[in-house]
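J.: sequence and computational prediction follow.
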2 protein chains.
Amino acid sequence: MTERTRHRRLRENGSVRKTDLDAVLAAGFVCHLGVVVDGSPMVVPTCYGATADTLYLHGSVASRSLRSPGAEVCVTVTHVDGLILARSVFEHGIAYRSAMVYGVPRVLDGEEKLEGLRVLTEQCAPGQWDYARRPSRKELAATTLLALDLDEASVKIADGPPDDGDGPDAELGLWAGNVPFRTVSGAPLPAPDLDSAVQLPAHIAALGSRSDVHGAGPGR
Amino acid sequence: MTERTRHRRLRENGSVRKTDLDAVLAAGFVCHLGVVVDGSPMVVPTCYGATADTLYLHGSVASRSLRSPGAEVCVTVTHVDGLILARSVFEHGIAYRSAMVYGVPRVLDGEEKLEGLRVLTEQCAPGQWDYARRPSRKELAATTLLALDLDEASVKIADGPPDDGDGPDAELGLWAGNVPFRTVSGAPLPAPDLDSAVQLPAHIAALGSRSDVHGAGPGR
């Protein structure tokens, strides 16, 4: 834990536990990658895959900002779990889980690049690495893949219920509680030019019937 | 449009149309706020509300980084709409809508602060500004609210279907298409200490039965 990953707000449940970090990272596949470009911040969404010690990031979107070696990044993954509705506007909040990872990413090459791409692909769409055609040498060269160590990271988890039930606001007679959100996936839509003889494989059918996925595979 | 909001990638559908920007901002209420702290990027999730020309941001989370006046920020809003599954791993992608807004935020005070908080509250939880107890003077003082002009912004929209159906990969006999995602809200959960005589108001019941909300109110 460094100075910037120490939590400053009391209301939120800050955590530096590795199991919390792993759980938040495993529950999604889209992060926000922050870089500094000419002194200004730039935040781009991109997809990722995580192992126990490494975050792999698709880097093409931010490639122009990652030209300078040694440039630090901040990667943030957030899952919005719902609304926390209190008696007072002031006590309202968002229920969420979020992870922040700081570090200097390595631009991958060779075997590690292929392995990183496998991890990333499997996190986004479990089963596709073994099913789809794998990248050619040329396609690999056209892909920017970044690896970030999970050494400097923190997690914030905010959930309900609202905590203004023991003060004067409780006498207002107003409803208070949580409205939960979840992300669900729907039936896979075949590409218009797909040969009708091609069957929907089981692993893609499974991708289309998930609840509270945030991009995670079944059972995670 | 500035140099950095000009789109560089061909595959994604970059847009600087105001209607696209408005639609992406209206479809959510959580953004990622990027700032530069001691030369390093920091990306924090926070909630927002948008009008035609202004983005209002809850700034407490990033307050320590916004002490220096004139500091630029990048605010990114992303909605993940699904997976684009192609015949090749290389052509895989995420279906998403994303908006990036650059600028130097103003820290609000007085009437504009109250109005910004109203816009933000109504975007997160439509109906709550008129229902819940509004902020006291002391609570307002304890809230940091930022306003960012929507002058420098861009939008990216990526959707399906995968476009490798007209090449040699189409002969592989592999399934290709999209797996759609949507965010749904569930039944409101009363706070454990809520007086059982308090009825669930209609606007909160409506918050709990939304599909593809991304935090937007019904009908948006």
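T.: Thanks, I have the structure now.

J.: averaged pLDDT, stretch A:169-176. What do you get?
T.: Throughout stretch A:169-176, pLDDT has a mean value of 95.

J.: do the same with stretch A:99-114
T.: For stretch A:99-114, mean pLDDT rounds to 95.

J.: the longest strand along chain A near chain B at all?
T.: Using DSSP state E to define each element, chain A has its longest strand at strand A:73-85. Yes. Judged by Cβ under 8 Å from any Cβ of the partner chain, strand A:73-85 and chain B are in contact via A:V73, A:C74, A:V75, A:T76, A:T78, A:V80, A:G82, A:L83, A:L85. (Each C-beta comes from the backbone N, C-alpha and C, glycine too.)

J.: OK, contacts around the fifth one?
T.: Which is A:T78. A:H32, A:Y96, A:R97, A:S98, B:V30, B:H32, B:P45 (Cβ atoms under 8 Å, 6 or more residues apart in numbering or on different chains).

J.: give me the element the second one is part of.
T.: For A:Y96, the enclosing helix or strand under DSSP states H and E is strand A:93-103.

J.: partner strands of that strand, with direction?
T.: strand A:73-85 (antiparallel), strand A:152-158 (antiparallel) (DSSP bridges).

J.: can you tell me which of those is packed in deepest?
T.: strand A:73-85 (a mean of 25; mean count of other Cβ atoms under 10 Å in any protein chain shown).

J.: which SS state does the most far-flung residue of chain A relative to its centre fall under?
T.: In chain A, counting by Cα atoms, centre = their mean, A:E171 sits farthest out from the average C-alpha position, at 39.8 Å. Under DSSP: H, G, I helix; E, B strand; the rest coil, the three-state class of A:E171 is helix.

J.: follow-up on the earlier one: next SSE downstream of the strand holding A:Y96?
T.: strand A:106-107.

J.: so what's the residue count around the residue nearest to A:S185 when sequence neighbours are not counted?
T.: Spatially, and ignoring its direct neighbours in sequence, A:S185 is nearest to A:R210 (4.6 Å; Cβ to Cβ, 6 or more residues apart in numbering or on different chains). Number of residues near A:R210 (other Cβ atoms under 10 Å in any protein chain shown) recorded here: 22.

J.: so what pLDDT did A:R210 get?
T.: At A:R210, pLDDT is 79.

J.: next, count neighbours for A:R134.
T.: 15.

J.: contacting residues around the residue nearest to it when sequence neighbours are not counted?
T.: What sits nearest to A:R134 in space, not counting adjacent residues and going by Cβ to Cβ, 6+ apart, is B:V89, at 5.7 Å. By Cβ under 8 Å, 6+ apart, the contact list for B:V89 reads A:L117, A:T121, A:Q128, A:W129, A:A132, A:R133, A:R134, A:P135, A:E139.

J.: now check the one helix or strand A:L114 maps to, is it near chain B?
T.: Following DSSP H and E, one finds A:L114 within helix A:110-124. Yes. Judged by Cβ under 8 Å from any Cβ, helix A:110-124 comes into contact with chain B at A:L117, A:T121, A:C124.

J.: among those, who's most crowded?
T.: That'd be A:C124 among the residues of helix A:110-124 next to chain B, by other Cβ under 10 Å, with 26 neighbours.

J.: quick check: it touching B:I84?
T.: No. Taking contacts as Cβ atoms under 8 Å, A:C124 lies outside contact range of B:I84: 9.9 Å.

J.: any residues in contact with both of those two?
T.: B:H92, B:I94.

J.: show me what A:I94 is bridged to.
T.: Applying DSSP bridges to A:I94 gives these bridge partners: A:L83.

J.: contacts only, for it.
T.: A:V80, A:G82, A:L83, A:I84, A:A158, B:F29, B:V30, B:C47, B:C124.

J.: gap between the last one and chain A?
T.: This means B:C124. 6 Å (Cβ to the nearest Cβ, to the nearest Å).

J.: my guess is A:H58 contacts A:V119. True?
T.: No. Between A:H58 and A:V119 there is no contact under Cβ under 8 Å: 11.4 Å.

J.: neighbour count for these two, which is higher?
T.: A:H58 (27 against 19).

J.: contacts only, for that one.
T.: Counted by Cβ under 8 Å, 6+ apart, A:H58 has contacts A:T46, A:C47, A:Y48, A:L120, A:T143, A:T144, A:L145, A:L146.

J.: show me what it bridges to in the sheet.
T.: Here A:H58, judged by DSSP bridges, has bridge partners A:L145.

J.: elements contacting the helix or strand harbouring A:T19?
T.: Assigned by DSSP H and E, A:T19 falls within helix A:18-26. Contact here means 3 or more Cβ pairs under 8 Å, 6 or more residues apart in numbering or on different chains; DSSP states H and E; on that basis helix A:18-26 packs against strand A:40-50, strand A:73-85, strand A:93-103, strand A:152-158.

J.: quick one: low-confidence ranges for chain A?
T.: Chain A contains residues with pLDDT under 70 at A:1-13, A:60-69, A:212-220.

J.: try it again with 80
T.: Chain A contains residues with pLDDT under 80 at A:1-16, A:60-70, A:210-220.

J.: beyond the helix or strand containing A:W129, next helix or strand please.
T.: Per DSSP H and E, A:W129 falls inside helix A:128-131. Of the helices and strands lying after helix A:128-131 in sequence (DSSP H and E), the nearest is helix A:137-141.

J.: format the CA atom coordinates belonging to that next one as CSV.
T.: The C-alpha trace of helix A:137-141 is given here as CSV (Å, rounded to 0.1, in the frame of the first residue of the first chain):
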residue,chain,number,x,y,z
ARG,A,137,1.9,-13.6,-36.6
LYS,A,138,0.7,-10.5,-38.5
GLU,A,139,-2.4,-10.0,-36.3
LEU,A,140,-0.3,-10.4,-33.2
ALA,A,141,2.1,-7.7,-34.4
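
J.: and the contacts of that helix?
T.: Outside helix A:137-141, the residues that reach it (Cβ under 8 Å, 6+ apart) are A:K113, A:L114, A:L117, B:S88, B:V89, B:F90.

J.: out of those, who's nearest B:R182?
T.: B:V89 (25.1 Å; Cβ to Cβ).

J.: ok, that closest one to A:G103 distance?
T.: From B:V89 across to A:G103, the span is 26 Å (Cβ to Cβ, to the nearest Å).

J.: same check, this time on A:E112
T.: 16 Å.

J.: which helix or strand contains A:A147?
T.: strand A:145-149.

J.: please name every helix or strand in contact with that strand.
T.: Under the contact criterion of 3+ Cβ pairs under 8 Å, 6+ apart, strand A:145-149 touches strand A:54-58, strand A:73-85, strand A:93-103, strand A:106-107, helix A:110-124.
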